[in-house]
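K.L.:
Sharing a model that was predicted from the sequence below.
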Amino acid sequence: MTSTDMPRPKPGVLDIAAYVPGRETVHGAAKVYKLSSNETPLGPSPKVAEAIAAKNADFALYPDGSAHVLREAIGRAHGLNPNNIMCGNGSDELLGLLCQTYLAPGDEGLFTEHGFLVYKIQIKAAGATPVAVPDDEGLTADVDRLLGAVTERTKIVFLANPNNPTGTYIPVSEVRRLHAGLPPHVVLVLDAAYAEYVRRNDYEAGVELVSNHSNVVMTRTFSKIHGLAGLRIGWMYAHEAIIDACNRVRGPFNVNSLAIIAGAAAIGDRAHVERAVAHNDLWLGKVTEALEGLGLATTPSVGNFVLVHFPETPGKTAAEADEFLGSRGFVLRRVAGYGLPNALRMTIGSEEANLGVIEALKSFMASTS
C-alpha cells in the first residue's frame, strides 16, 4: 500500500506539533518525585473519597449530560449562575470547543509567545491561523503588543493569567484594558487554571469581566489546587449565548459520573483549598530563595511552580541539569517547546521533594563537569 492509498487528514493537521506532557518517570532512580505537571502535593480533599463511597453510582448508566450537580456546586462556591457554566473533560476540552465554535479557516487566534501550548494546537485544529505575540522582557503578557496584533481576521484571544510556564500575571486593570481594546465580536478567553494560588490585591480571575460583557470567557480546572487531574474536570463561565453555542458542539456525555461526584465534593471543601494555598505560599518563597542563592535566576511566579533559568555554560545548561536531576529521581519540566530552551519548570511539591531538588541542584552547580 502506498501513501496515496491511505486516508489523508484535512490540511493543516499534520502541521500540528502534538502536545507532549511532562514526563512521569525516570529509569534507575529508587524513588521518583514528579514535579513536571503542577499537581498539588496535598492530593484531593478527603471529602472526595467520602462522596464517591456514599453515592454508590450505577456506572452502567450514562452520566448526566448537563453535569447539573457539578455546575450547581461550582455556582454555590463562586456565587455564579449555573446557567452560565459549562463543564468539560478538563479545561483543555473547553479551549478546543471554543476554537471549534468560533474559529474557521481564514480566522486568526492570538495568544502570548510563552503561553500554554494547547492554544496553538486547538487554533490549528479548527483550521485557523495561530498568532503568537511576544511577551515583555519579564516574560509577562504585553497588552499593547496583543492589541497591536489584532486584525480584521482575529476572532479569539487567549490569555493565561497566571501564565504557564512563566508564572507571571497581569493585573485586572491591564486585563480590562485588553478587553476594552478588542472589537466586540472577538472572544477574550481568560485561562485562570492557577487562579486559586494567586495572592495579589490587583488580580481578578475573570468573573467580573464575564459578568459584565458578552464576549469574555473564564476557564478553570480541578486539576491543580483541587488535586483531581486524573479525573479530567474543567469548567468555564461565560455569557449564556456562548454557553449555548458551545453546547451545540460539545459531546453529549463529556463529563463522567465519577468526575461529577468528585468535583462537587472537592469544590465545597474550602478548608482543603486553603491548606493547599498555605503550603504553596510557604514553599514557593523558600524554593525561589534557595534557587537564587545557588546563582540561578527565576521568573517571579504567582502559581504553584517556578521557572528556573540556567546559564549557557557547558556543563550547567538546563538540559544537563534535567539529566542530573532525573538520575536522582527528580522529574522537572523541560520548556524548550515554549521557546525557553534553557529553563526548567519546577512544580512546588512536598517538603521532601522541594528540599531534595535544592540539594541536588546545589551539587549540580558546584560540580566541575
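P.N.:
Nice, I can see it.

K.L.:
going forward, measure contacts and count neighbours with C-alpha atoms only.
P.N.:
Will do.

K.L.:
how about the CA coordinates for the one helix or strand R71 maps to, as CSV?
P.N.:
Using DSSP states H and E, R71 sits within helix 68-78. Taking C-alpha atoms only, helix 68-78 is exported to CSV below (Å, rounded to 0.1, in the frame of the first residue of the first chain):
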residue,chain,number,x,y,z
HIS,A,68,-26.1,19.6,36.7
VAL,A,69,-24.9,18.7,40.2
LEU,A,70,-21.3,19.8,39.4
ARG,A,71,-22.5,23.1,37.9
GLU,A,72,-24.7,23.8,40.9
ALA,A,73,-21.7,23.1,43.2
ILE,A,74,-19.5,25.4,41.2
GLY,A,75,-22.2,28.1,41.3
ARG,A,76,-22.5,27.9,45.1
ALA,A,77,-18.8,28.0,45.6
HIS,A,78,-18.2,31.1,43.4
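
K.L.:
Pull out the buried positions in it.
P.N.:
Going by neighbour count (16 or more other C-alpha atoms under 10 Å), the buried part of helix 68-78 is 68, 70-75.

K.L.:
any idea how the chain splits into domains?
P.N.:
Following automatic domain parsing, the chain resolves into domains at 15-43+271-366, 46-268.

K.L.:
Kindly report which one of the ones you listed carries the lowest mean pLDDT.
P.N.:
Sorting these by mean pLDDT places domain 15-43+271-366 lowest, at a mean of 93.

K.L.:
for that one, how far is the first residue from the last?
P.N.:
42 Å (C-alpha to C-alpha, to the nearest Å).

K.L.:
Could you do stretch 76-91 as well?
P.N.:
20 Å.

K.L.:
how far is it from where the chain is centred?
P.N.:
17 Å (C-alpha atoms, centre = their mean, to the nearest Å).

K.L.:
can you give me the helices for the stretch 251-369 of the chain?
P.N.:
Counting by DSSP state H, counting those that start in this stretch, the stretch 251-369 of the chain has helices at residues 257-267, 270-293, 318-327, 351-366.

K.L.:
which of those helices is buried the deepest?
P.N.:
Stretch with highest mean neighbour count among the helices of the stretch 251-369 of the chain: helix 257-267 (a mean of 23; mean count of other C-alpha atoms under 10 Å).

K.L.:
by contact count, what packs against that one?
P.N.:
helix 46-55, helix 68-78 (3 or more C-alpha pairs under 8 Å, 6 or more residues apart in numbering; DSSP states H and E).

K.L.:
Export that helix to PDB, keeping only CA atoms.
P.N.:
Coordinates of each C-alpha in helix 257-267 appear next as PDB, following Å, rounded to 0.1, in the frame of the first residue of the first chain:
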ATOM      1  CA  SER A 257     -20.200  10.300  36.600                       C
ATOM      2  CA  LEU A 258     -17.200   9.800  38.900                       C
ATOM      3  CA  ALA A 259     -15.900  13.200  37.900                       C
ATOM      4  CA  ILE A 260     -19.200  14.900  38.600                       C
ATOM      5  CA  ILE A 261     -19.400  13.400  42.100                       C
ATOM      6  CA  ALA A 262     -15.700  14.200  42.900                       C
ATOM      7  CA  GLY A 263     -15.800  17.700  41.600                       C
ATOM      8  CA  ALA A 264     -18.900  18.700  43.500                       C
ATOM      9  CA  ALA A 265     -17.300  17.400  46.700                       C
ATOM     10  CA  ALA A 266     -13.900  19.000  46.100                       C
ATOM     11  CA  ILE A 267     -15.100  22.500  45.300                       C
END
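
K.L.:
Helix 270-293 and that one, what's the angle between them?
P.N.:
80 degrees (axes from the mean of the first three to the mean of the last three C-alpha atoms, to 10 degrees).

K.L.:
Identify the residues contacting helix 257-267?
P.N.:
44-45, 47-49, 51-52, 55, 57, 59, 62-64, 67, 69-70, 73-74, 77, 222, 226, 228, 231-233 (C-alpha atoms under 8 Å, 6 or more residues apart in numbering).

K.L.:
At which residues are the strands of the stretch 51-200 of the chain located?
P.N.:
Applying DSSP state E, counting those that start in this stretch to the stretch 51-200 of the chain gives strands spanning 85-88, 108-112, 129-133, 154-160, 187-191.

K.L.:
Export the ones you listed as a markdown table, with columns for mean neighbour count and distance to T298.
P.N.:
Below are the strands of the stretch 51-200 of the chain laid out as a markdown table (neighbours: other C-alpha atoms under 10 Å; distance: least, C-alpha to C-alpha, whole Å):
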| stretch | mean neighbour count | distance to T298 |
| --- | --- | --- |
| strand 85-88 | 26 | 33 |
| strand 108-112 | 25 | 19 |
| strand 129-133 | 20 | 22 |
| strand 154-160 | 24 | 19 |
| strand 187-191 | 24 | 23 |
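
K.L.:
As TSV, the ones you listed with distance to A264 would be great.
P.N.:
Output for these, formatted as TSV (distance: least, C-alpha to C-alpha, whole Å):
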stretch	distance to A264
strand 85-88	11
strand 108-112	31
strand 129-133	35
strand 154-160	24
strand 187-191	21
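
K.L.:
Looking at the ones you listed, which is nearest to A271?
P.N.:
Of all the strands of the stretch 51-200 of the chain, strand 85-88 sits nearest to A271, with 23.1 Å by C-alpha to C-alpha.
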